[in-house]
Every structure is written in C-alpha cells, then in structure tokens.
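> Show me how the following folds:
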Amino acid sequence: MSTVLVVDGANVVGARPDGWWKDRAGAARRLHEALLVADLPHDRIVLVLEGQAKGGVRPGRDAHVQTVHAPKDGDAAIVGAVREALEKGDRVTLVTADRMLQARCGGATALGPSWLLDQI
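Predicted structure coming up:
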C-alpha cells in the first residue's frame with residue numbers, strides 16, 4: 001500500500017496572503033518546487049492546478065510529484081485523483097480547507113493547508 005498526498009493547489013496557495021493573486025503561475029511553480037524538496041511522509045504527491053496557475057508547472061510527473069491540470073474545475077480533478085488512488089488501495093491524504101470537497105472525498109484523511117505550509 002502506498003501513501004498518496006493530493007494537494008488542492010489553489011486552496012494551499014490561497015491560504016498565504018503573499019501576493020499570489022498577482023502571479024498565479026509563479027505561486028503554483030513555487031508550491032511545486034517546495035513539494036519536490038519537502039520531507040513529507042508520502043510515497044507520491046498529486047498537485048492539482050486550475051486556471052492561470054497551470055501556466056506555472058507543466059502537467060506530468062517530476063520525481064515523486066505528479067502535476068494534474070484540471071480541464072475545468074479543480075474540485076472534479078481532485079475528486080478523481082482521490083478516487084483513483086483509493087481504488088488502487090492506496091492510503092490517501094487530501095490537503096484542502098474546502099469542507100464540501102473533503103466530504104466528496106470520503107475515504108481520504110483531510111488536512112488543512114496550514115499543515116502542508118508548515119511542512120514545506
């Protein structure tokens with residue numbers, strides 16, 4: 001069984017008022033770079049990006065971080081990533097403060113953005 005961390009990129013970036021709204025692509029790139037070097041207790045990280053943030057990181061895998069570009073809304077892509085991992089038998093942790101999204105991702109442990117920001 002693998003451990004998978006699914007990250008709601010927009011929610012995590014939006015949790016820190018550091019001017020991210022001026023450069024969404026740059027904020028996504030900084031989050032991706034931090035995830036690449038972070039010492040997290042997960043085998044794989046799935047970073048879901050939407051909108052302008054997608055311009056900061058190409059989709060695909062870099063080491064243990066897989067970046068997913070949401071075709072429309074990020075929530076649907078996040079639910080899909082969580083379900084896919086759960087169906088494989090993985091243990092999944094979702095990072096988001098969105099309670100409705102947490103409810104849609106039953107079976108995953110939910111942690112808030114502050115937990116991840118403290119780790120990276």
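> Where does pLDDT dip in the protein?
By pLDDT under 70, the chain contains no weakly predicted segment.
> Would you map the helices across it?
Listed in chain order, the helices of the chain (DSSP state H) span residues 9-13, 24-37, 74-87, 99-104, 113-119.
> Which among those helices is found nearest to Gln66?
Each of the helices of the chain has some distance to Gln66 by CB to CB; the shortest is helix 74-87, at 8.5 Å. For glycine as for every other residue, the C-beta is placed from the backbone atoms N, C-alpha and C.
> most tightly surrounded among the helices of the chain?
Highest mean neighbour count of the helices of the chain: helix 9-13, a mean of 25 (counted as mean count of other CB atoms under 10 Å).
> mind checking how far that helix is from the chain centre?
Its chain's average C-alpha position is 7 Å from that of helix 9-13, according to CA atoms, centre = their mean, to the nearest Å.
> what residues does it touch?
Here helix 9-13 makes contact (CB atoms under 8 Å, 6 or more residues apart in numbering) with 20, 24, 27-28, 31, 47-51, 53, 74, 95-98, 113, 116-117.
> And for the residue lying closest to Ala77 once chain neighbours are set aside, the neighbour number?
Spatial nearest neighbour of Ala77, chain neighbours left out: Ala70 (3.7 Å); criterion: CB to CB, 6 or more residues apart in numbering. Per other CB atoms under 10 Å, the neighbour tally for Ala70 reads 21.
> residues in contact with Ala70?
Ala70 neighbours (CB under 8 Å, 6+ apart): Val48, Leu49, Glu50, Lys54, Ala76, Ala77, Ile78.
> what about the nearest residue to the second one once chain neighbours are set aside, distance to Glu87?
Beyond its immediate neighbours in the sequence, the residue positioned closest to Leu49 (CB to CB, 6+ apart) is Gly9, lying 4.6 Å away. Remark: distance between Gly9 and Glu87 (CB to CB, to the nearest Å) = 22 Å.
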